[in-house]
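> okay, predicted coordinates and the sequence, questions at the end:
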Amino acid sequence: MSRLSTAFFAAAVLYALVGMILGMFMGATQDFTMRPLHAHINLLGWAGLALMGAFYGVAGAKAPARLGWTVFAVANVGNLLLLSQLYKIVHGRPPIVPALMAGELLVVASMALFGVCVLMAGRRAAS
Ligand code: HEM
């Protein structure tokens, strides 16, 4: 397995642990205020990054490594910005709007760049 794939899975596991512990906390306290945060940590962090990691593992050397590391960085910075502002929103506090917008844009950008990686790997595999 490539270092890139390992990095995606390692980050995904960290998000999953935080998201799951948050879910257990919500269940134990019967306070579901942080339900949207729990869902976004698990889906963007765990599911999103693990799926990308699986792709880089399968694609191997066919995937563009430098662009893959860019996707990794952009996705994680975007996730952390977005999740930190979502935390404020679910607690009824105003978000830092530029941070929220930057997080949203980076998360979308990471997915678009991931799409480019998929296309490039597909072309390399076909040639
Ligand atoms: C130890 C693991 C987990 C625990 C204890 C847990 C717990 C919870 C709880 C207590 C709720 C709120 C239910 C309610 O409102 O009645 C919830 C909602 C939800 N969970 Fe989890 N969960 C876990 C893992 C996951 C994972 C792995 C995902 C996704 C990959 C996930 C996605 C969601 C979603 C989408 C919702 C609905 C959010 C909403 O309605 O706003 N959960 N979870």
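Received it, and whenever you're ready, just let me know what you need.
> CA only for contacts and neighbour counts going forward, please
Will do.
> who in the protein is up against the ligand?
20, 23, 24, 26, 27, 32, 35, 36, 39, 42, 43, 47 (CA under 6 Å from any ligand atom).
> correct me, but the fourth one touches residue 37?
Yep, that's residue 26 we're talking about. No - applying CA atoms under 8 Å as the test, residue 26 and residue 37 come out as separate, 11.0 Å apart.
> so which of those two has more stuff around it?
More crowded of residue 26 and residue 37, by other CA atoms under 10 Å: residue 37, with 23 against 16.
> so which residues of this structure form helices?
In the chain, the helices defined using DSSP state H lie at 3-29, 35-40, 49-59, 65-90, 97-126.
> may I see those helices arranged in a markdown table, with mean pLDDT as well?
As requested, the helices of the chain are arranged in a markdown table below (pLDDT from 0 to 100):
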| stretch | mean pLDDT |
| --- | --- |
| helix 3-29 | 98 |
| helix 35-40 | 98 |
| helix 49-59 | 98 |
| helix 65-90 | 98 |
| helix 97-126 | 97 |
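> burial of residue 48, as a residue count?
Residues near residue 48, counting by other CA under 10 Å, number 17.
> now for it: which residues touch it?
Residue 48 makes contact with residue 12 under the criterion CA atoms under 8 Å, 6 or more residues apart in numbering.
> pLDDT score for it?
pLDDT, residue 48: 98.
> any idea how far it is from residue 105?
Counting by CA to CA, to the nearest Å, the gap between residue 48 and residue 105 amounts to 16 Å.
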